[in-house]
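Enquirer: Below is the sequence, then the predicted model.
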Amino acid sequence: MNETPNLNSFKTGPDEDGRFGIFGGRFVAETLMPLILDLQDEWNKAKTDPEFQAELKHLGAHYIGRPSPLYFAERLTEHLGGAKIYFKREELNHTGSHKINNCIGQILLAKRMGKTRIIAETGAGQHGVASATVAARFGLPCVVYMGATDVERQAPNVFRMKLLGAEVKPVTAGSGTLKDAMNEALRDWVTNVDDTYYLIGTAAGPHPYPEMVRDFQAVIGTEARAQMLEAEGRLPDLVVAAVGGGSNAIGIFHPFLDDETVKIVGVEAGGKGLEGDEHCASITAGSPGVLHGNRTYLLQDGDGQIKEGHSISAGLDYPGIGPEHSWLADIGRVEYVPIMDHEALEAFQTLTRLEGIIPALEPSHAIAEVIKRAPKMGKDEIILMNLSGRGDKDIFTVGKLLGMGL
Amino acid sequence: MTARMDKRFADLAAEGRPALVTYFMGGDPDFETSLAIMKALPSAGSDIIELGMPFSDPMADGPAIQLAGQRALKGGQTLAKTLEIARRFRADDKDTPIVMMGYYNPIYIYGVERFLDDALEAGIDGLIVVDLPPEMDDELCIPALKKDINFIRLATPTTDDKRLPKVLENTSGFVYYVSMNGITGSALPDPTVVGGAVQRIKGHTKLPVCVGFGVKTAEHARAIGASADGVVVGTAIVNQVASSLTEDGKSTGATVPGVETLVRGLAAGVRSAKLVAAE
């Protein structure tokens, strides 16, 4: 961090070893250590390089379509009869979600480092599509690892990635979902260390990824904060975002962390309920452990074996969470709550009908939380929610659940 | 206990041959069979035993060891039971060093201090924890060294001369040189290149250097053993176990003898390495 250290700030993390309190760190095989240290050096240089920042800004404006609008959801506000609801419209970005913000940043870094091959993991396929997109834009070959289960349930995104020239490798090892795709990507990286850049899609993994991905995504909160000041002349009372790995959430939360009057809520996938194993609420129902390069809250058994998560949304279907979220939860700055599959599905329909916006199932979890909270808040209060992705990819899942033929 | 490991390497040096280090997965395919495999290893010619601790997400391992871990977990294996395998083995064998190998999370959840106490009590001589590089030494390495348990570090082709001193700083017992950038079970690299790398590491440490990743046959063991203090074989043994199982993954009468035969062959390989070195 280049900011002046401020003991009263929540924005100074991580420390130089990549720790947010006890969370984060660099728990990786020795083969990867030199690469991770190289990446950190390059990232430290890029952060303060005006040329890098200018290129990032230029691509943000002309390729992604930034700034994304801040939208007052008038009919939803009216319908709920409480706080004014604003959406940060990340679903309007190129490729349809916030994922592209991070991908553009990281591929510029990969280029700086002279890497000639991109690998990525994906769950729902949004990060895979964003990775394949930037790889096409910069003319680099791209391999996307995706759990075999996800390849089946996210067929449209698989096709998009292939159209973009990426090779999609279905992962059958383990249980064939996002965590196994990440394991397989790490195996590829450890085998092809010389030419390959691993483009991690969320604010997790070994240091410096959690910090780097957060900083690329923080454009969401930085823009939203300024837009809100312009629209309302003040900050929101509540900021809400869905949390899987947590990159869209940390992106909108981070610029607000030191604003004492702003309450912040992260929404985890409660799946079919927290009593059994069919959820992905790592913070609400998990415990600290070490996986994929960092210490963070995980879904695990008493022997430290990682469990499979479940969510209606493939993008939230990960048994861990970014380490900064774990820290923010422990120190109490951010509240994390679960939303069940059926609540998200209802919210998906409510938003579609009231605002003419088909949201992805991931932010539908955040919408469900907004629907719970807004009526209990005053009409002079303001909620800001990150509408992180659009729902085109989810229409088949939703159609099936609602018993509608497509 | 570091003394057992040091004595083993000193004896082998006197004999003038490299060590055969054999890896198997604790609890694969079940507790009793894997205990029988462990007990059979020394007489088949294994000098040092690596006892694998199964983990649901073994990021540095290839499909063979990953599947072995899954079989073990499915059979109800836990870290406590893996320690129990070592304890029962140690009751009969006081000399063969045991190194537990795996990933950090199960140890972290078990509790570091509790794990080290139980490991010491079970007769464990060293630990290899794949996802704990020197940057994370405060987690387990330093506490282990304080209790006189070796912490064996992996060095890889990406560990250059600048980084080697950091990797070697808190390493004890031996150095495990990973012969290639990749996962366990890959193809064997050129023994000459590996020999050069071992010499490079030896320029930085007096510790024995053992080489693993890619060694599958007696011939490999001989070729690699000619330039190293030890040869580690893992995937070949795990594959041997897998090939002996019934369709639903149960052990058969061929499981333990199959491993014994394989290890006997590998042992002959390292014993002939001395001759190669002399040529």
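Expert: Received it, and whenever you're ready, just let me know what you need.
Enquirer: From now on I want contacts and neighbour counts done on CA atoms only, so please keep to that.
Expert: Noted.
Enquirer: average pLDDT for stretch B:155-173?
Expert: Mean per-residue pLDDT for stretch B:155-173: 93.
Enquirer: And for it, what's in contact with it?
Expert: Residues outside stretch B:155-173 that contact it (C-alpha atoms under 8 Å, 6 or more residues apart in numbering or on different chains): A:30-32, A:34, B:2, B:5-6, B:126, B:133-134, B:141-142, B:150-154, B:175-181, B:197, B:201, B:204-205, B:207-208.
Enquirer: and the residues you listed, which of them are in helices?
Expert: Among those, the residues falling in helices (DSSP state H) are A:34, B:2, B:5, B:6, B:141, B:142, B:197, B:201.
Enquirer: I'd like to know which elements the longest strand belonging to chain B is packed against.
Expert: For chain B, the strand that runs over the most residues, judged by DSSP state E, is strand B:19-25. The elements that strand B:19-25 packs onto, with contact taken as 3 or more C-alpha pairs under 8 Å, 6 or more residues apart in numbering or on different chains; DSSP states H and E, are helix B:31-44, strand B:48-52, helix B:63-74, strand B:230-233, helix B:235-244, helix B:255-278.
Enquirer: For the third one, what is the distance to the chain centroid?
Expert: Read that as helix B:63-74. Taking C-alpha atoms, centre = their mean, to the nearest Å, one finds helix B:63-74 lying 16 Å from the centre of the chain it belongs to.
Enquirer: likewise the fourth one?
Expert: Taking the mean C-alpha point of strand B:230-233 and that of its whole chain, the gap between them comes to 8 Å (C-alpha atoms, centre = their mean).
Enquirer: what are the pairing partners of that strand, and which direction each?
Expert: strand B:19-25 (parallel), strand B:209-212 (parallel) (DSSP bridges).
Enquirer: picking up where we left off before, out of the ones in helices among the contacts of stretch B:155-173, which comes closest to residue B:48?
Expert: Proximity of these to residue B:48 (C-alpha to C-alpha) peaks at residue B:5, which lies at 8.3 Å.
Enquirer: Not counting residues beside it along the chain, what's closest to that closest one?
Expert: If the residues on either side of it in the chain are set aside, residue B:5 comes closest to residue B:97, at 5.5 Å by C-alpha to C-alpha, 6 or more residues apart in numbering or on different chains.
Enquirer: and what of residue A:198?
Expert: residue A:119 (5.0 Å).
Enquirer: and that neighbour, that one's in a helix?
Expert: No: if the criterion is DSSP: H, G, I helix; E, B strand; the rest coil, then residue A:119 is strand and not within a helix.
Enquirer: pLDDT score for it?
Expert: Reported pLDDT for residue A:119: 98.
Enquirer: I'd assumed residue A:143 was in contact with it.
Expert: Yes: between residue A:119 and residue A:143 a contact is recorded at 4.8 Å, counting by C-alpha atoms under 8 Å.
Enquirer: Any stretches of the stretch 301-406 of chain A with poor pLDDT?
Expert: In the predicted model, the stretch 301-406 of chain A carries pLDDT under 70 at residues A:406.
Enquirer: Contact partners for the closest residue to chain B within it?
Expert: Across the stretch 301-406 of chain A, the shortest distance to chain B (C-alpha to the nearest C-alpha) belongs to residue A:304, at 4.2 Å. Going by C-alpha under 8 Å, 6+ apart, residue A:304 touches A:289, B:105, B:106, B:107, B:108, B:109, B:110.
Enquirer: ok, how many other residues are close to residue 38?
Expert: Since you didn't name a chain, this refers to chain A. For residue A:38, the count of nearby residues is 13 (other C-alpha atoms under 10 Å in any protein chain shown).
Enquirer: Hmm, no, I was thinking of chain B.
Expert: As a burial measure, residue B:38 scores 26 neighbours (other C-alpha under 10 Å).
Enquirer: And for residue A:51?
Expert: By other C-alpha under 10 Å, neighbour count at residue A:51 equals 11.
Enquirer: just the one 10 residues further on next, same as before
Expert: Residue crowding around residue A:61 was assessed by other C-alpha under 10 Å; the count is 13.
Enquirer: Tell me if I'm right that it and residue A:67 touch.
Expert: Yes: here residue A:61 reaches residue A:67: they are 6.8 Å apart, a contact under C-alpha under 8 Å.
Enquirer: Skipping its backbone neighbours, what lies nearest residue A:115 in space?
Expert: Using C-alpha to C-alpha, 6+ apart, the nearest residue to residue A:115 is residue A:195, at 5.0 Å.
Enquirer: which ones are touching residue B:267?
Expert: So residue B:267 contacts B:20, B:44, B:45, B:46, B:218 (C-alpha under 8 Å, 6+ apart).
Enquirer: Confidence-wise, which of the residues you listed comes last?
Expert: Comparing the contacts of residue B:267 by pLDDT, residue B:218 comes last, at 92.
Enquirer: Helix, strand, or coil at residue A:9?
Expert: Applying three-state DSSP: residue A:9 is coil.
Enquirer: before we move on, back to that, and for the residue nearest to residue A:198, the neighbour number?
Expert: 24.
Enquirer: need the contact list for it.
Expert: Going by C-alpha under 8 Å, 6+ apart, residue A:119 touches A:142, A:143, A:144, A:145, A:185, A:189, A:196, A:197, A:198, A:199.
Enquirer: could you redo the last one with a cut-off of 7 Å?
Expert: By C-alpha atoms under 7 Å, 6 or more residues apart in numbering or on different chains, the residues touching residue A:119 are A:142, A:143, A:144, A:185, A:197, A:198, A:199.
Enquirer: Would you mind measuring from it to residue B:131?
Expert: 21 Å (C-alpha to C-alpha, to the nearest Å).
Enquirer: Likewise for residue B:12?
Expert: Residue B:12 is 30 Å from residue B:131, by C-alpha to C-alpha.
Enquirer: how close does the closest residue in space to residue B:204 that isn't next to it in sequence get to residue A:225?
Expert: Excluding the flanking residues, the one nearest residue B:204 by C-alpha to C-alpha, 6+ apart is residue B:165, at 7.0 Å. From residue B:165 across to residue A:225, the span is 47 Å (C-alpha to C-alpha).
Enquirer: can I assume residue A:157 sits in a strand?
Expert: No: counting by three-state DSSP, residue A:157 is not part of a strand but helix.
Enquirer: quick one: contacts for the nearest residue to it once chain neighbours are set aside?
Expert: Excluding the flanking residues, the one nearest residue A:157 by C-alpha to C-alpha, 6+ apart is residue A:125, at 5.5 Å. Counting by C-alpha under 7 Å, 6+ apart, residue A:125 touches A:154, A:157, A:158.
Enquirer: just residue A:378 next, same as before
Expert: Residues in contact with residue A:378 (C-alpha under 7 Å, 6+ apart) are A:82, A:83.
Enquirer: tell me the SS of it?
Expert: coil.
Enquirer: Can you name the residue of the stretch 51-200 of chain A nearest chain B?
Expert: residue A:191 (3.8 Å).
Enquirer: Share the number of residues neighbouring the nearest residue in space to that residue that is not next to it in sequence, please.
Expert: With C-alpha to C-alpha, 6+ apart as the criterion, residue A:191 has its nearest non-adjacent residue at 3.8 Å, and that residue is residue B:182. Counted with other C-alpha under 10 Å, the neighbours of residue B:182 add up to 25.
Enquirer: What of residue B:206?
Expert: Neighbour tally, residue B:206, other C-alpha under 10 Å: 10.
Enquirer: any idea how far residue B:18 is from it?
Expert: In terms of C-alpha to C-alpha, residue B:206 sits 15 Å off from residue B:18.
Enquirer: Check residue A:239 too.
Expert: Per C-alpha to C-alpha, residue A:239 is found 63 Å from residue B:18.
Enquirer: between those two, which one's more packed in?
Expert: Neighbours were counted for residue A:239 and for residue B:18 using other C-alpha under 10 Å; residue B:18 has more, 30 against 26.
Enquirer: I figured that one hits residue B:230, correct?
Expert: Yes: counting by C-alpha atoms under 7 Å, residue B:18 does reach residue B:230; the two are 4.6 Å apart.
Enquirer: In contact with whichever residue of the stretch 151-279 of chain B sits closest to chain A: list those residues for me.
Expert: Proximity of the stretch 151-279 of chain B to chain A (C-alpha to the nearest C-alpha) peaks at residue B:182, 3.8 Å away. Counting by C-alpha under 7 Å, 6+ apart, residue B:182 touches A:187, A:190, A:191.
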